[in-house]
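Novice: Would you be able to build a 3D model of this:
(chains A and B)
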Amino acid sequence: MSFRVPSLSITLRSSLRLRLLLGTLVWIAVSIMVAGWALGGLFRQHVAAQFHAELRTHLDQLAAHLAFEQDGSVSLSAAQSDPRFSKPYSGVYWQIDQVGHAGKNVSGLLRSRSLWDDVLEVPSDTPMNGEIHQHRVSGPGDTTLGMVERVVILEDGTPARAERRFRLIVAADERQMLEPVERFNGMLWLTLGLLGGGLALVAVIQVLIALVPLRRLHRALAAVRGGTTLDLEGRFPGEVQPLVEEFNTVLAQNAEVVERARTQAGNLAHALKTPLSVIANAVNGKDSELAHLVSSQVEVARRQIDYHLSRSRAAASVRIPGVRTPVFPVLEGLVRVMKRIHADRNIELVMHATNEQVMFRGEEQDLQEMLGNLLDNACKWAARRIEISVAVEEQSLTIIVDDDGCGIAEAERQRVLNRGERADEMTPGSGLGLAIVNDVMRLYGGRLEFDDSGLGGLRVKLTLPMTN
Amino acid sequence: MRVLVVEDEPTIASQLSEALCAAGYAVDVVGNGADAHFHGGDENQPFDAVVLDLGLPQMDGLTVLKKWRAAGRVMPVLILTARDNWHEKVAGIDAGADDYLTKPFYMEELLARLRALIRRAGGHASAELVCGDIVLDTLHSRVTVGGLALTLTSHEYRVLNYLMHHPDQVVSRNDLIEHIYAQDFDRDSNTVEVFIARLRKKLPEGVIETERGLGYRLVSPTSS
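Specialist: Next up is the predicted model:
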């Protein structure tokens, strides 16, 4: 079994929030690291400079206290002021070496009490007179010492005592310098860590707040798609508002195009049907082969026009999002029409409803086309009574039309949905009604089912998408 | 029975006119909305029914219909149009139409619907109008008396048809003229008397009474 993990680039491309968050967090992390490194480095430099400045001060003091005795020996005229020089292994040391000729050096000629028995081993370089060198050397107890040294040359003019050189050394344990640096770094990284955490939290909140308009936009789009609103409603930030306005313009243009298409379809119908009427009536009542041919072909042409116009009208309108139609006014209007155009049949039309506010998610004209054909069909077949029920089932709109006619045999039911097929050639009609209902219903993703009616005739159940 | 045909397509208008005349109607034809509004709205021109197209020059058929109804004109109106949407049918019926037929249409269907409209407007349920022994079959334009077919001329039929639609009512000579002749027909009020006299000879005695100074009355046996 294998799982496909989406690559980071795909995840990043798919989430604006992740992109913003990742970008901000990486930037915060890099800034914190650079700040920590720079501040730590600066502090370390500062402490090191102070450390060496202190050593030089001690070195100057040592040079000042250096005294030459008559016998050629050296001594200190006064003790070093820093008490740590007197405390054994205190970490601060001084030492005076004699630099002899031809490598005859005397290390540790004089040294601080703090060195106790140890002697500092220093690199054998020879600074010029007055020059100060810095070194790192090993000290007592495996310590590392920072060290400064200078050479003092004694010239008394006598040949026997010619020139004598002394190396003055002051050293201190580097830990004295490193400890404050480490303490500082600890505090520094703790502070920077808290700052980074705070910034990351603020960044997350900022991204969430910044993306709130997008979530509102998402809800507004869902409302359009769900048929609650016709366009994107509400004010959005300046960065999003142009997008919203463009989208609303596209929606309006779409609706306009559909309306134009519908008008053109109507004009085409008018343009074609009037000459068809003329032709049909010109041969009306004439009993010749030509007259029958013309009559039958006029009928074929009429069916084709009706079918394709209905279908093209519906196909255009289902592409308009956000359209919704209250079902009841449409049904009431159609019932008024049925009572007039089927007045001679004296049929009783009864409406039942569980929810009178129910809305169809689609165009009013398409709902009229579907329900009009269903009711017209029922009126042609019913004996005395038709019952229309509107209900909501599983988030869908259900319209049931029952009649007390003779019904349609189960084997015939699928056939009447085909274009131009009629269950009974004796009843007037084009045989297109149910086929048009079937086609328009399919465009809306609905369902059309036939069953036996409790009234004794046919039950037609039409299921369509609804909106609240 | 007088019918107003409002149709801007001249060929269809003349086909309708011919068929309606042949079926015994007096037919007036107008070809635009403004004329239709004028003629249909004129109380002095009582039409028994109107066949109305919707796509008309100058004034849309629906507007014409609404104006008629607003002015209190109650004659039955059959809309005959190429607009076949249910949406348009609802608009037509709500504007005050009594029936709606779409083009292309069968002339027989139009005639049947028109007959039914006129019949319902007069409160008659059946296609056969009965007055004593006299039976007028509006479907086949036939009249029988006691089961025997009666031969009538076109104008005699029109006069009897109008009287049968208004039994026991006094119908003035003017009313009869208005309902059996089209507007542009050369009307002579004396011819009505001639038609009544001929009808009296063909029908049982005393069926058509003369109300002096008022007009004529078809007497049904139940009223006497």
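
Novice: make it CA atoms for all contacts and neighbour counts henceforth
Specialist: Will do.

Novice: Doesn't B:G206 lie inside a helix?
Specialist: No - the assignment for B:G206 is coil, going by DSSP: H, G, I helix; E, B strand; the rest coil, so no helix is present there.

Novice: Need the residues that contact stretch B:30-49.
Specialist: Identification of contacts with stretch B:30-49 by C-alpha atoms under 8 Å, 6 or more residues apart in numbering or on different chains yields B:1-10, B:56-61, B:64-65, B:67-68, B:71, B:73, B:75-78, B:114, B:117-118, B:178-179.

Novice: ok and the residue in chain B nearest chain A?
Specialist: B:P104 (4.2 Å; C-alpha to the nearest C-alpha).

Novice: Could you pull up the residues touching that residue?
Specialist: By C-alpha under 8 Å, 6+ apart, the contact list for B:P104 reads A:273-274, A:276-278, A:280, A:302, B:82.

Novice: go again using 7 Å as the cut-off
Specialist: Neighbouring residues of B:P104 by C-alpha atoms under 7 Å, 6 or more residues apart in numbering or on different chains: A:273-274, A:276-277.

Novice: then stretch A:270-277 to CSV, C-alphas only?
Specialist: Below are the C-alpha coordinates for stretch A:270-277, written out as CSV (Å, rounded to 0.1, in the frame of the first residue of the first chain):
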residue,chain,number,x,y,z
HIS,A,270,-42.2,33.8,-34.5
ALA,A,271,-40.5,34.2,-37.8
LEU,A,272,-40.8,30.5,-38.5
LYS,A,273,-44.2,29.7,-37.1
THR,A,274,-46.2,32.5,-38.9
PRO,A,275,-45.3,31.2,-42.4
LEU,A,276,-45.9,27.6,-41.1
SER,A,277,-49.4,28.7,-40.1
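
Novice: Report the buried residues of it.
Specialist: Buried positions in stretch A:270-277, judged by neighbour count with 16 or more other C-alpha atoms under 10 Å in any protein chain shown: A:270, A:272-277.

Novice: Is it possible to get CSV of these that adds secondary structure and pLDDT?
Specialist: Formatted as CSV, those follow (DSSP: H, G, I helix; E, B strand; the rest coil; pLDDT from 0 to 100):
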residue, secondary structure, pLDDT
A:H270, helix, 75
A:L272, helix, 85
A:K273, helix, 85
A:T274, helix, 83
A:P275, helix, 86
A:L276, helix, 87
A:S277, helix, 86
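
Novice: Intersect these with the contacts of chain B.
Specialist: Contacts with chain B are made by A:270, A:273-274, A:276-277 out of the buried residues of stretch A:270-277, judged by C-alpha under 7 Å from any C-alpha of the partner chain.

Novice: I'd like the distance between B:T102 and A:V335.
Specialist: For B:T102, the distance to A:V335 (C-alpha to C-alpha, to the nearest Å) stands at 18 Å.

Novice: Give me the more crowded residue out of these two.
Specialist: Set B:T102 next to A:V335 and count neighbours by other C-alpha atoms under 10 Å in any protein chain shown: A:V335 wins out with 22 against 19.

Novice: Verify the assumption that the more buried one is located in a helix.
Specialist: Yes - A:V335: assigned to a helix according to three-state DSSP.

Novice: From A:A378, how far off is it?
Specialist: A:V335 is 12 Å from A:A378, by C-alpha to C-alpha.

Novice: All the strands of chain A, residue numbers only.
Specialist: Counting by DSSP state E, one finds strands in chain A at the ranges A:66-68, A:74-76, A:92-99, A:106-111, A:132-139, A:143-155, A:163-173, A:325-326, A:348-353, A:359-360, A:385-393, A:396-403, A:447-452, A:458-467.

Novice: what's the last one in contact with?
Specialist: Translated: strand A:458-467. Identification of contacts with strand A:458-467 by C-alpha under 7 Å, 6+ apart yields A:226-228, A:359-361, A:395-403, A:405, A:407-408, A:446-453.

Novice: just the buried members of the residues you listed?
Specialist: Here, 16+ other C-alpha under 10 Å leaves A:226-228, A:359-361, A:396-403, A:405, A:407-408, A:446, A:448, A:450-453 buried among those.
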